[in-house]
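Engineer: The amino acid sequence is not available; the structure is as follows:
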DNA sequence: TGAAATTGGTTGACGTATCAACTGTTTTGC
DNA sequence: GCAAAACAGTTGATACGTCAACCAATTTCA
């Protein structure tokens, strides 16, 4: 890894504030999409992600959602209850493993997703406007690798 | 480890959505760095970012930090107060514009940054291990463009 | 088989983020 | 030069995220 031509130094410079920039972009993206969701519905960003996942995946469980969304299971538990109360999703006990419950999106939830999705996709399109496919692929690839690398919690 | 059934496969397709992936990576990175900060100090992630910025920028103001961190000014106000109380930074009134106050990192704050920074940089290095310089440059460039694009709040 | 460990989910406590209202200060524009 | 607008920062209400304790069901393995 050590490189006499200063590549490492340059890389160090590049990566300084990398997570900082990522956090910044993330915050702005969240603020933007929350704003849109507020205009077009009365659901929050997390609600949206849960509904979107349930719509795409079909039946699933809380712990699976928790892993996918990389979200606290306690918080998710409360969010799920809210969605059930609002009749956007349903929850029934799993007959095989009675610890878990099977979540399914309801007709109303599906309607909501289908109403909002085009607008979200349009925003998505605007975000990546002017970015080439190749650049986007590299971006997503690097992001995925960072995602994986951020799993280790070994002391440094 | 969870075995990849059909649901996971569909979910993998769904997570190809960029903001979703970005949020996920962001959450994992935050959890990881907060964990490290807890081990090596008693400051939070936001505290760290403020100190790091102040150390790198020299004197600045709250509103400038708010813009840079893309963070709520109210919350920042409370965080700043905490840092001042702990004598990690100082705050004095701007003689030219008495609305604002000038923030500066204190010796103790600087020491803290210098103590933690090497460990943060080491983690940073681990994160980007195996990613070429060119890929990194593209990644950061795309990130910057997404950051800019996420500013618009025009109705879709 | 049965004790110990793991897993799915709930709840409470507490810190943090967000939104809005508010004070005081400076700038803008007629 | 003055009223209106914009700006810097503070505070309060409330929603959200995080951590840890906990219960019940299931799996592990000596």
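Structural biologist: Here it is on my side, so go on. Being a predicted model, the structure only gives us computed values, none of them experimental.
Engineer: Could you list which residues are in contact with residue A:20?
Structural biologist: B:49, B:52 (Cβ atoms under 8 Å, 6 or more residues apart in numbering or on different chains). Where C-beta positions appear, they are placed from N, C-alpha and C, glycine not excepted.
Engineer: In which helix or strand does it reside?
Structural biologist: If you go by DSSP states H and E, residue A:20 is part of helix A:18-40.
Engineer: I'd like the next helix or strand past that helix.
Structural biologist: Following helix A:18-40 in sequence, per DSSP H and E, is helix A:45-57.
Engineer: ok and that next one relative to helix A:18-40, angle-wise?
Structural biologist: Using axes from the mean of the first three to the mean of the last three Cα atoms, to 10 degrees, the direction of helix A:45-57 lies 80 degrees away from that of helix A:18-40.
Engineer: elements contacting helix A:45-57?
Structural biologist: helix A:18-40, helix A:62-69, helix A:73-85, strand A:89-93, strand A:101-105, helix A:107-127, helix B:6-14 (3 or more Cβ pairs under 8 Å, 6 or more residues apart in numbering or on different chains; DSSP states H and E).
Engineer: Average pLDDT for the fifth one, rounded please.
Structural biologist: What it means is strand A:101-105. The pLDDT scores in strand A:101-105 average 96.
Engineer: now do the longest one
Structural biologist: For helix A:18-40, mean pLDDT rounds to 89.
Engineer: what angle sits between it and helix A:107-127?
Structural biologist: Going by the same axes, to 10 degrees, helix A:18-40 makes 130 degrees with helix A:107-127.
Engineer: Please apply the same query to the second one.
Structural biologist: With the same axes, to 10 degrees as the criterion, the two stretches helix A:62-69 and helix A:107-127 enclose an angle of 10 degrees.
Engineer: wait, does helix A:62-69 contact DNA strand C?
Structural biologist: Yes - part of helix A:62-69 sits near DNA strand C under the criterion Cβ under 7 Å from any atom of the strand, namely A:62, A:63, A:64, A:66.
Engineer: low pLDDT regions in chain A?
Structural biologist: Residue ranges of chain A with pLDDT under 70: A:1-14, A:153-156.
Engineer: Skip the chain neighbours and tell me the closest residue to the residue sitting nearest the centre point of it.
Structural biologist: Note on chain A: the residue nearest the mean C-alpha position is residue A:69, at 5.4 Å, using Cα atoms, centre = their mean. The spatially closest residue to residue A:69, leaving aside those adjacent along the chain, is residue A:49, at 6.0 Å (Cβ to Cβ, 6 or more residues apart in numbering or on different chains).
Engineer: and what of residue A:21?
Structural biologist: Counting by Cβ to Cβ, 6+ apart, the residue nearest residue A:21 is residue B:143, at 5.8 Å.
Engineer: Next one: residue A:125 from residue A:45, what distance?
Structural biologist: Distance of residue A:125 to residue A:45, computed by Cβ to Cβ, to the nearest Å: 19 Å.
Engineer: Between those two, which is the more surrounded one?
Structural biologist: residue A:45 (18 against 10; other Cβ atoms under 10 Å in any protein chain shown).
Engineer: Contacts only, for the more buried one.
Structural biologist: With Cβ under 8 Å, 6+ apart, residue A:45 has these contacts: A:30, A:33, A:34, A:37.
Engineer: and if you look at residue A:98?
Structural biologist: Applying Cβ under 8 Å, 6+ apart to residue A:98 gives no contacts.
Engineer: I'd guessed residue A:44 sits against residue A:34; true?
Structural biologist: Yes - contact criterion Cβ atoms under 8 Å: residue A:44 and residue A:34 qualify, at 7.0 Å.
Engineer: Might one say that the residue nearest to the centre of chain A is in contact with residue A:80?
Structural biologist: No - using Cβ under 8 Å, residue A:69 and residue A:80 do not qualify as a contacting pair, with a distance of 11.5 Å.
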